[in-house]
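Chemist: Structure for the following, please:
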Amino acid sequence: MAVAAPTQTMNNVEAVRATLYEALKADPRTIVLGEDVGARGNVFLITKGFIEEFGPERIVDTPLAEASIVGVAIGMAIALGVTRFLGSLLYNVKAGDPLTFAGVALLLVAVAAIACYIPALRAARVDPMVALRYE
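Modeler: Numbers count the residues shown, from 1 in each chain. Here you go, the predicted model:
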């Protein structure tokens, strides 16, 4: 006969913090990678104190590239500016054809996904702790 464990009411932030803490305690191979998870403990303080308890080799701050968002915005502006010129070179395509823009965007996403697939497969085979300590 199973014995019911006492339940505890907590919000989402507390639940995520408790889950991460239990996982880090249970398995020394567990690591946390993310933006602002280091010394400050991120925006919601989910990982606050983790770096002191588990060390910087297990709590790794990996900032996102906000520059990529700016790059996409600049690329879209240039694409819209160049459409008049390209529209005159292409047969039966208008300067701001949304189907063409969407098609080209999907093609670029597909090419990028294929280009990332093989390196991602190779990286997935590497032990994360070996990769973090390598240099």
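Chemist: buried ones in the longest helix belonging to the chain?
Modeler: Using DSSP state H to define each element, the chain has its longest helix at helix 98-124. Under the neighbour-count criterion of 16 or more other Cβ atoms under 10 Å, helix 98-124 has T100 buried. The C-beta positions use only the backbone N, C-alpha and C, and glycine is treated the same way.
Chemist: by how many degrees do the helix or strand of the chain with the lowest mean pLDDT and helix 98-124 diverge?
Modeler: Using mean pLDDT, DSSP states H and E, helix 66-89 stands out as the lowest-scoring helix or strand of the chain, at a mean of 76. Using axes from the mean of the first three to the mean of the last three Cα atoms, to 10 degrees, the inter-axis angle of helix 66-89 relative to helix 98-124 is 140 degrees.
Chemist: Look at A65 and report its pLDDT.
Modeler: pLDDT, A65: 67.
Chemist: roughly how far apart are the residue nearest to G34 when sequence neighbours are not counted and K94?
Modeler: Distance criterion Cβ to Cβ, 6 or more residues apart in numbering; nearest residue to G34, sequence neighbours excluded, is T62 at 6.3 Å. T62 is 42 Å from K94, where distance means Cβ to Cβ, to the nearest Å.
Chemist: any low-confidence regions in this protein?
Modeler: Confidence mapping of the chain against pLDDT under 70 gives the ranges 1-5, 41, 64-66, 69, 84, 95-96, 135.
Chemist: and if we set it to 80?
Modeler: Residues of the chain meeting the criterion pLDDT under 80: 1-6, 34-36, 38-43, 62-73, 76, 79-81, 83-98, 100-101, 131-132, 134-135.
Chemist: three-state assignment of L33?
Modeler: Under DSSP: H, G, I helix; E, B strand; the rest coil, L33 falls in the strand class.
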